[in-house]
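Q: build me a model:
(chains A and B)
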Amino acid sequence: MVKANRAREGWGSRLGVILAVAGSAVGLGNFLRFPGLAAKDGGGAFMIPYFCAFLLLGIPICWAEWTMGKYGGMFGFHSSPAIFGLLGRRPIWRFLGVLGLVIPIVIYMYYVFIEAWCLGYAWRYLTGSMDLGAASTEWASRSQEFYDGFTGTREDGAIFTGGLGGCLPFLLVTFAANFYLIHRGLSRGIERLCMWAMPTMAACAVIVLVRVLTLGTPDPAHPDQNVLGGLAFLWEPKPIKEGASAFSALADPQVWMDAAGQIFFSLGVGFGIIINYSSYVKRKNDIVLSGLTASATNELYEVCFGGLITIPAAFVLLGAADAFAGATEGTFGLGFKTLPVVFNHMPWGGFFGFVWFFMLFLAAITSSISMLQPAIAFLEECLDIGRRASVALLGMITGLGTLFVVYFTKDSAALDTLDFWAGTALIFVFATIQVILYAWVFGAGKGRKFAHIGAEMHLPRFYNFVIKYVSPAYLLVIFGLWANQKLPGYVRSLGSGGVPLVSVIVILILGVFLALLTHRAGRRWSAESRDTSGKDELPVFPEARE
Amino acid sequence: MSSGGWIFMLGSCGFVVWLTAYCFYRVLARPRTAEHLQAPSTIETGDEDT
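A: Sure thing, here's the model as predicted:
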C-alpha cells in the first residue's frame, strides 16, 4: 500500500500544458542562434536540412518523450530516473535517467545568468541608460565595452565589483523570480506564467517585426541597404564558399550538423523536461496533437520571428559585412553586442530595444523555470518531501552552481565549459539513450498504441520505423561528427586544469549526488512494490490501440 | 530578392504558420467541458496498490 499525503500536482488546462512546453522550448536560440546559423550556412538552402531534422529527429523524439512521460505519470512517477526505471525494468535505466536531472540543473546554473543580462539590457533601454555615445563610428566598440563590463568577461569576480550598475542586482531578481514561480507550483506558477508570457512574447516580436519591415531605405547613401535586401541576405540560397553553386551548402556535413543541432536544442528534446511535463497529463488526455502543437509553436517563434527580425535589421542598418560578422559571432555576439548598435541606428531605438530585450527575458524565464521542475519532482518523489523543502534544497544547489558561474566570468570560461558538457554533449547522449529506451526496450509498437489513448490525432504509420531506425542513426551520425570536431579541444582544455576542469568536477559531483539519491529512492520504490525491475512485461492499458 | 529567396522565405514561414494555426484550431475546437485535465490541488489519497 502506498501512503502519500502530498497534494498531487497537475496542469490546469490543455492549452496550459502546450504553452508550458512551448515556453520551455522557445528561448534565446530561437531569436539569436537560428538566424545566425541560417545566414552563415547557405541562407534559404539551410532550410532544407533544417526541416529534414525537424521531421525526422525533432518531432519523433518529441512524441517519444511525451509518451514516456505520460506512461510514467500513470504510475505516479514524474522524474526521469523513476520513469526510466519503470520502462527499462532494470536498475541501470534508473541511473541513466539521472542525466535527465543533471542536464536541466546545470543548464539552469548558467542560463539564469544570461537571463539576467536580458533583464539588465531591457532595464537599461527602459530607463534610457543604454548610452553608446554620440559618434556612430564608436557604437560598435562601445557596445563591446558595455557587454564586457556588464557580463564581467574581462576578469574573474568582476560581477561582484560592479555595484548596483552591474549585472548582479538583475541576477538576484531573476534568480528569486524563478524560485518564487516554481514554488507556486505547476499550475499556479509555470502554467500561469506561460499563459501570459507566450502571447506577450508574440506581441513584442510583432512590434519589432513591423518596425524592421517598415525601415525602408534608411540611408539614401546606401540604397542597397533596404528591407528587401535584408530579407534576401538571409533567405536567398547562397554559396558558403566563393565560386560554388547556390545550393553547395547541402553538400557540407557541417551545415546538416548545424541544422540538426539547432532543431534539437530548440525543441528542447533531450533535456528531461518534456518527460517531466507530460507526466502530469491525465490518462484520457491527448499527447500526440499537444506535442505537435508545442513543437509547431516553437517553430513559429524561430522561423518567422527569428528569421525575419535580427539579420534583416542588422543588414539594413549596418550593412552586409557587419550583419554577417554579427551572425557568425554566435548567440551572444549577435544578441548583446550587434543588436544594441542596430537599435542605436533605429528611429525610436530605445523603445524597440526595450521591447526586444524584454521579449528575450520572457523567452529565457519560461525556459529556465522549466529546468527546475524535473529536479523538484525528483526530490519530492525521492525524499518524500513537500514542494517547499524541495524548492529550498534545489535553491541551495543551483545557488552554489550559479555563484561558481558568475564568479569565473573571465572569457566566460565556466559558462562555456558547462554549456559544452551539460548543454550539448550530455543532451546528445541523453537523447540517444531515450530513443533506445523508447524504441527498443519499451517497444515502439507499444509506445504508439499507448500514445493513442485519448489521442485526437494518430501517429503516422511510418513513425515506428523512423523512431526505431532513422532517428537513432541520425543522432549517432550527428553526434559522431560533432564529437570528432569539438571534443578533442575541450578534452585538451581539461588537461590544463583551472576553471574548465573544476566545471566538469561540478557536473560530476552533482551527478554522483543525484545517483546516490536515486539509489536510495529505488530501495524505497521496491519496498512500496512500485519497482518493475526484473519483470517480463509492463502493464498493458486496455484502451491502447493501433 | 530572387525568386529562390521568395520561395524559401514564404515556403518556410507559410509552412510553420499553417502548421501552428492548424494545430491550435484542432486544440481549441474541442468542447470546453473536456478541457480541464485535472484540478491543480487534487489530493492524492494514495490508498491503492500501484
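Q: show me what residue of chain B gets nearest to chain A.
A: B:Phe8 (2.9 Å; Cβ to the nearest Cβ). C-beta here means a position set from N, CA and C on the backbone, and glycine is covered the same way.
Q: so that residue touches A:Pro237, yeah?
A: Yes: with contact defined as Cβ atoms under 8 Å, B:Phe8 counts as touching A:Pro237 (6.5 Å).
Q: can you check which residues contact both of these two?
A: Overlap of the contact sets of B:Phe8 and A:Pro237 (by Cβ atoms under 8 Å, 6 or more residues apart in numbering or on different chains) consists of A:Gly43, A:Gly44, A:Ala45.
Q: could I get those as JSON lines with secondary structure and distance to A:Ile365?
A: Conversion of these to JSON lines gives the following (DSSP: H, G, I helix; E, B strand; the rest coil; distance: Cβ to Cβ, whole Å):
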{"residue": "A:Gly43", "secondary structure": "helix", "distance to A:Ile365": "32"}
{"residue": "A:Gly44", "secondary structure": "helix", "distance to A:Ile365": "32"}
{"residue": "A:Ala45", "secondary structure": "helix", "distance to A:Ile365": "34"}
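Q: ChimeraX command to pick out the buried ones of these?
A: Of the shared contacts of B:Phe8 and A:Pro237, the buried ones go into a single ChimeraX selection, burial set by 16 or more other Cβ atoms under 10 Å in any protein chain shown:
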select /A:43,44,45
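Q: name the nearest of the shared contacts of B:Phe8 and A:Pro237 relative to chain B.
A: A:Gly44 (2.9 Å).
Q: picking up where we left off before, apart from its chain neighbours, what residue comes closest to the residue of chain B closest to chain A?
A: With sequence-adjacent residues excluded and distances taken as Cβ to Cβ, 6 or more residues apart in numbering or on different chains, B:Phe8 is closest to A:Gly44, at 2.9 Å.
Q: returning to that earlier point: name the nearest of the shared contacts of B:Phe8 and A:Pro237 relative to A:Cys167.
A: Proximity to A:Cys167 was ranked across those by Cβ to Cβ; first place goes to A:Gly43, at 34.8 Å.
Q: avg pLDDT for the helix or strand hosting A:Cys118?
A: Secondary-structure element containing A:Cys118, defined by DSSP states H and E: helix A:99-126. If you average the pLDDT over helix A:99-126, you get 96.
Q: check the offset of it from the chain's centre.
A: How far helix A:99-126 lies from its chain's middle: 11 Å, per Cα atoms, centre = their mean, to the nearest Å.
Q: what segments of chain B are helices?
A: Across chain B, reading from the start of the chain, the helices by DSSP state H fall at B:3-28.
Q: report pLDDT for residue 4.
A: If you meant another chain, say so; for now it's chain A. What the model reports for A:Ala4 is a pLDDT of 46.
Q: to clarify, I was referring to chain B.
A: The model reports B:Gly4 with a pLDDT of 92.
Q: contacts only, for the residue lying closest to it once chain neighbours are set aside.
A: In space, not counting the residues next to it along the chain, B:Gly4 is nearest to A:Pro237; the distance is 5.1 Å by Cβ to Cβ, 6+ apart. Taking Cβ under 8 Å, 6+ apart, we find A:Pro237 in contact with A:Gly42, A:Gly43, A:Gly44, A:Ala45, A:Ala246, A:Phe247, A:Ala249, B:Gly4, B:Gly5, B:Phe8.
Q: any idea which helix or strand in chain A has the lowest mean pLDDT?
A: The weakest-scoring helix or strand in chain A, judged by mean pLDDT, DSSP states H and E, is helix A:330-332 (a mean of 83).
Q: got a list of contacts for it?
A: The list of residues contacting helix A:330-332 from outside it, by Cβ under 8 Å, 6+ apart, reads A:Leu28, A:Gly29, A:Leu32, A:Arg33, A:Gly36, A:Ile114, A:Tyr147, A:Ser412.
Q: immediately after it, which helix or strand?
A: The C-terminal neighbour of helix A:330-332 among helices and strands, as given by DSSP H and E, is helix A:339-345.
Q: immediately after that next one, which helix or strand?
A: Of the helices and strands lying after helix A:339-345 in sequence (DSSP H and E), the nearest is helix A:349-383.
Q: list the buried residues for the following helix or strand past that next one?
A: Tracing the chain past helix A:349-383, the next element assigned as helix or strand by DSSP H and E is helix A:387-407. Residues of helix A:387-407 classed as buried by neighbour count (16+ other Cβ under 10 Å): A:387, A:390-391, A:394-395, A:397-398, A:401-402, A:404-407.
Q: closest one of the residues you listed to chain B?
A: A:Arg387 (11.9 Å).
Q: returning to what we had before: buried residues, the least confident helix or strand of chain A. List them.
A: Under 16+ other Cβ under 10 Å, the buried positions of helix A:330-332 are A:Thr331, A:Phe332.
Q: what about it, distance to the chain center?
A: Shown here is helix A:330-332, whose average C-alpha point lies 14 Å from the average C-alpha point of the whole chain (Cα atoms, centre = their mean).
Q: could you count how many residues lie near A:Leu437?
A: Counted with other Cβ atoms under 10 Å in any protein chain shown, residues neighbouring A:Leu437 total 20.
Q: ditto for the one 10 residues further on
A: A:Gly447 is surrounded by 25 other residues when neighbours are defined as other Cβ under 10 Å.
Q: just to check, it is in contact with A:Glu65?
A: No: here A:Gly447 does not reach A:Glu65: they are 10.7 Å apart, not a contact under Cβ under 8 Å.
Q: A:Ala422 - how many residues pack around it?
A: For A:Ala422, the neighbour count with other Cβ under 10 Å is 27.
Q: residue contacts, it?
A: By Cβ under 8 Å, 6+ apart, the neighbours of A:Ala422 are A:Val102, A:Ile103, A:Val106, A:Ile107, A:Ile507.
Q: select from these the one having the most neighbours.
A: Among these, the one with the most neighbours (other Cβ under 10 Å) is A:Ile103, at 27 neighbours.
Q: Provide the secondary structure category for A:Val281.
A: When the structure is split into helix, strand and coil by DSSP: H, G, I helix; E, B strand; the rest coil, A:Val281 lands in coil.
Q: go on, A:Asp131?
A: Of the three states, A:Asp131 takes coil under three-state DSSP.
Q: any idea how far it is from A:Gly165?
A: In this structure, A:Asp131 lies at 12 Å from A:Gly165, with Cβ to Cβ, to the nearest Å as the measure.
Q: quick one: low-confidence parts of chain A?
A: Under the criterion of pLDDT under 70, the regions of chain A flagged as low confidence span A:1-7, A:162-164, A:534, A:536.
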